[in-house]
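> the following block contains a protein sequence and its predicted model.
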Amino acid sequence: GRDLRRLGMVTAIAIVAVWALRFDLVLSGTKQSYMYRAFETRIDNLLVGCLLAIVVRRRVWGGLLGWIARHPLLSFGGSAVALATSGCLQSEIGPAYRDTIGFIIDPIGLACLVVLLATFSDRAALRWTKCRSLCWLGTISYGMYLYHPLAISTVLHFSPHRGPLQV
């Protein structure tokens, strides 16, 4: 109990520290490619998931989780609107938005969707989320994400006709 509480606090502080770092880096003119790819500028996305796991494990915010359970459509709609709005703002404003506000809103919105999917996965409309092949894809997806640049560059290197995907 107490250790999880402390871990939750440290995780929340680390998340806020990454947000502050990112704002500082954007304001100092750091390259967009670095902002997008660097571990220290993106680790908060993983930490939000870790904090969510701690919150669920500690049964903190039971009132909020209970409210979500009683209002699934409103909760889902709110998360979807937040993520869609964030995507539109990223398209309009560009990397400066994405690297600051977008990288804050997006993982929180996705964490809310994860709570909803986990809470209601037994309902008929969401049973597909327990599909064995989807679970397997979820297991390997982060590794695929990490190695996709290597796979793309290897294919392009050995491709006789380098097309629009050239990196």
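Here it is on my side, so go on.
> tell me which helix or strand in this structure has the weakest average pLDDT.
helix 62-70 (a mean of 71; mean pLDDT, DSSP states H and E).
> helix or strand next in line after that one, which one?
helix 72-93 (DSSP states H and E).
> now do that following helix: which elements does it pack against?
Other elements packing on helix 72-93 under the criterion 3 or more CB pairs under 8 Å, 6 or more residues apart in numbering; DSSP states H and E are helix 103-119. Quick note: C-beta positions are derived from backbone N, CA and C, even for glycine.
> pull out the CA atoms of the helix it packs on and give them to me as PDB.
Coordinates of the C-alpha atoms in helix 103-119 are reproduced here as PDB (Å, rounded to 0.1, in the frame of the first residue of the first chain):
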ATOM      1  CA  PHE A 103       2.000  14.700 -26.000                       C
ATOM      2  CA  ILE A 104       0.200  15.400 -22.800                       C
ATOM      3  CA  ILE A 105      -3.400  15.000 -24.000                       C
ATOM      4  CA  ASP A 106      -2.900  12.000 -26.200                       C
ATOM      5  CA  PRO A 107      -1.600   9.500 -23.600                       C
ATOM      6  CA  ILE A 108      -4.100  10.600 -21.000                       C
ATOM      7  CA  GLY A 109      -7.000  10.200 -23.500                       C
ATOM      8  CA  LEU A 110      -5.700   6.800 -24.500                       C
ATOM      9  CA  ALA A 111      -5.300   5.800 -20.800                       C
ATOM     10  CA  CYS A 112      -9.000   6.700 -20.400                       C
ATOM     11  CA  LEU A 113      -9.900   4.500 -23.400                       C
ATOM     12  CA  VAL A 114      -7.900   1.600 -21.900                       C
ATOM     13  CA  VAL A 115      -9.900   1.900 -18.600                       C
ATOM     14  CA  LEU A 116     -13.100   1.900 -20.600                       C
ATOM     15  CA  LEU A 117     -12.100  -1.100 -22.700                       C
ATOM     16  CA  ALA A 118     -10.900  -3.100 -19.700                       C
ATOM     17  CA  THR A 119     -14.000  -2.200 -17.700                       C
END
